[in-house]
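Chemist: Predicted structure and sequence below. I'll ask about it afterward.
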Amino acid sequence: MLHQDDSGIQPGTMPARYIRRAMAVRQLDSGSCQGCESELSLLSGPDYDFTRYGFSFTPSPKHADILVITGVITETMAPIIREVYEQMTEPKRVIALGACAISGGIFKTAPGVIGSLSGIIPVTLSIEGCPPSPGDIIRGLLWAVDGRDPRLAQEAT
Amino acid sequence: MATLLQAQSPHVVEQTDNPNNWQKRLVALRQDHDVVLLTGHLDQLIALLLSPTTGILHEWRLTGDLSEVPRPSHFGAGDILAAERILKDTLPALSWNSEEHVERRVHGKGVFLYPLGPVRADVSESLMYRLHVMGDEIIHLELANGFKKRHIRELSQGKALADVLGLAQRVTGTSAFAHGLAYCLAVENALQIGVDPEVTLTRMIMAELERSYSHLGDLAALSVSTGLPVPQMEYLHHKESILRLNFRLFGHRYLRDVLAIGGIRLPKSFFQENAAMIGHEIVEILDDIHRIHDGLENTTSFLDRLHGAGTIPKTTIEFVRPVGPTGRSSGRACDMRIIRPYLRYAETDLAPPLESGADSYARFSVKAIELQQSLGLLRRLIGGWNPDALRSLGGFEEQSEIADDVAVGVGIVEAPRGLLVYRVVVNPCNLTIEHLDMATPSARNWYVVPPAMANKNILQDFPIIEASFNYTVAGWDG
């Protein structure tokens, strides 16, 4: 059954090997307005509390299972993004968070801006919004881990 | 009933073509003024100075040959350090006659460099810290920014007025409304557009909602930096409550896409809420904030970490003249809502807190009290708010009656982090932006962080001091 979807989450090609829970998330800002960061920091707040799904933020890319990129990709940050991606161990997921990381958003044409994240590293999933709401972010995180929409999984049970 | 046209404080314009005279007079003016903006367009270098006592804006221009201009920061005007660097790239005609101030290097036995960034901490913006430590003590800090420049000033050139409003609201996420408002005030000032009092009241409600959630986020970050997750969770919960209130009232959690030049853009679902209920919710949040604040004020493990940590040296306060909560916690009365009232702040009896400790505790205290004042003000504003009146109001019709080639306007607001200035040059015929410049509170205030950090603090104080400032890198990089 096709699922009516208005959340703006676009799954890319999912890696064949799925990973299980207890996931460390590394956030990387490549030119954001700090709005996505504000929403991400609310994930550890009591209203969303993403630790109950097994997620936590990690300061180190080496510990990270999921890389979340916020903001437009600037020329200065592009090599740093590649470096961080390489430092992560397999299996790994990459999430493009927000309109800027997905396509460059309204900063697409700015000088010194490369544009979309998918040209830099492989993107598992993108979450639209300016900024995406914490609920959408959690749904996207679960989707990136399980390979399917958590809403569909809920309907199936 | 307020008048339709907002009363503007006077604006004095003077100019010279001699770089040395420009510099001398700038230094003289700075004795009783603050430099709020340094910008340049074509063959002009413009310093905007604001008197903190009278609110009079002084525009001091240098025209003609802009090569070999004395660098104001060499003569003690550190308010515009960020602007000096930006102008070097954006104004090709300008060349400073002295080298940029280079950070001292620290050498010696036992001195270690602790590099931190641009990928650092849990959820953070990209910024590079170079901490020089001797044992545990931080003896020197260098900051390297510019990883995430979006070049918003250049990007806005030649764009339509409404498109630039979208850009302005994306300079800093947690000050999105303040940026949009400063831009709207600047354009309204340039094109002499009157704004309905009901619209100004609604804008004021949004400005205070934004200050509330921004301060709540700062206080949550400060609580967790001292290892206290309980107040952090409580503050985060209230931040989320305000963000949800924003969404219910105005259709966007960060109040984006609500502003319009000359008015506001009403979302389709606008206001199906009961004003009395919202007032009640705000009172509940306010009561709980009092309780959390009292709890923290009685927690010695929290207070011990804050008192004396990250004290800004007196010379730095005079050099940079920090704005916003940082300024008010360093003994500077610098609230634009009082100095140069905009919207309808002149009708309120706002008395912002003033502390002189200049340390992390003073910054905590000022933010906590400002938050309470904002919520109190919100409660009163919502009581007298008539949102139904907004439905019948039109915005700015896409034409202007100004016959000149260019119209210049300035918008000054008190953003959650402090003084925010926009200066726009508008083409009134086709209604596009010819030139835009802004001075964000973060760009100015980041320069107090290195001296405050290297002031008898140890590495363990670093996250606390960082959280007590909580500036944005997005606003600095631009």
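Modeler: Structure's in. What do you need?

Chemist: was I right about B:Ala415 contacting B:Gly180?
Modeler: No - using CB atoms under 8 Å, B:Ala415 makes no contact with B:Gly180, being 10.6 Å away. For every residue, glycine as well, the C-beta is placed using N, CA and C.

Chemist: got a pLDDT number for the residue lying closest to A:Gly119 once chain neighbours are set aside?
Modeler: Among residues not flanking A:Gly119 along the chain, A:Ile73 sits closest, at 7.7 Å (CB to CB, 6 or more residues apart in numbering or on different chains). pLDDT for A:Ile73: 94.

Chemist: Tell me who's in contact with the residue of chain A found nearest chain B.
Modeler: Relative to chain B, the nearest point of chain A is A:Gly35 (2.6 Å; CB to the nearest CB). Contact partners of A:Gly35, counting by CB atoms under 8 Å, 6 or more residues apart in numbering or on different chains, are A:98, A:130-131, B:170, B:173-174, B:176, B:254.

Chemist: OK, now which residue of the stretch 251-400 of chain B is nearest to chain A?
Modeler: For the stretch 251-400 of chain B, CB to the nearest CB, closest residue to chain A: B:Tyr254, 5.7 Å.

Chemist: Repeat that for the stretch 201-350 of chain B.
Modeler: B:Leu236 (3.3 Å).

Chemist: That residue touches B:Leu219, doesn't it?
Modeler: No - using CB under 8 Å, B:Leu236 is not in contact with B:Leu219, being 9.5 Å away.

Chemist: Tell me which stretches of the stretch 301-450 of chain B form strands.
Modeler: Secondary structure of the stretch 301-450 of chain B (DSSP state E, counting those that start in this stretch): strands at B:407-415, B:418-427, B:432-439.

Chemist: Strands - which of the contacts of A:Gly35 land there?
Modeler: Among these, none falls in strands (DSSP state E).

Chemist: In helices, which of these appear?
Modeler: A:98, B:176 (DSSP state H).

Chemist: now, which of the contacts of A:Gly35 sits nearest B:Asp388?
Modeler: B:Tyr254 (24.9 Å; CB to CB).

Chemist: For the stretch 251-400 of chain B, what lies in contact range of chain A?
Modeler: Residues of the stretch 251-400 of chain B lying close to chain A by CB under 8 Å from any CB of the partner chain are B:253-254, B:256.

Chemist: Show me the shaky parts of chain A.
Modeler: Per-residue confidence for chain A (pLDDT under 70) gives these ranges: A:1-7, A:13-21, A:153-157.

Chemist: hang on, the earlier thing: count the residues that sit near the closest residue to the residue of the stretch 251-400 of chain B closest to chain A other than its chain neighbours.
Modeler: In space, and not counting its chain neighbours, B:Tyr254 is closest to B:Ala176: 4.8 Å by CB to CB, 6+ apart. Residues within reach of B:Ala176, counting by other CB atoms under 10 Å in any protein chain shown, total 29.

Chemist: Run through the residues that contact B:Ala176.
Modeler: Counted by CB under 8 Å, 6+ apart, B:Ala176 has contacts A:33, A:35, B:169-170, B:210, B:254-256.

Chemist: do the same with B:Ile285
Modeler: So B:Ile285 contacts B:238, B:241-242, B:375 (CB under 8 Å, 6+ apart).

Chemist: quick one: B:Glu188 and B:Gly262 touch, right?
Modeler: Yes - taking CB under 8 Å as the definition, B:Glu188 is a contact partner of B:Gly262 at 6.3 Å.

Chemist: can you list the domain ranges for chain B.
Modeler: As assigned by automatic domain parsing, chain B contains the domains B:11-90, B:108-147+B:446-478, B:153-445.

Chemist: Regarding chain B, what is its longest helix?
Modeler: Longest helix of chain B, by residue count under DSSP H: helix B:197-225.

Chemist: What distance do you get for A:Thr70 to A:Val123?
Modeler: Separation of A:Thr70 from A:Val123 (CB to CB, to the nearest Å) stands at 13 Å.

Chemist: what about these two, which has more around it?
Modeler: Between A:Thr70 and A:Val123, counting by other CB under 10 Å, A:Thr70 is the more crowded of the two (31 against 23).

Chemist: residue contacts, that one?
Modeler: A:27-30, A:32, A:36-37, A:40, A:97-98, A:100-101.

Chemist: and it, bridged to which residues?
Modeler: Per DSSP bridges, the residues bridged to A:Thr70 are A:Asp29, A:Leu97.

Chemist: number of nearby residues for residue 72?
Modeler: No chain was given, so I picked chain A. The local packing of A:Val72 (other CB under 10 Å) involves 30 other residues.

Chemist: oops, chain B please
Modeler: For B:Pro72, using other CB under 10 Å, the count is 24.
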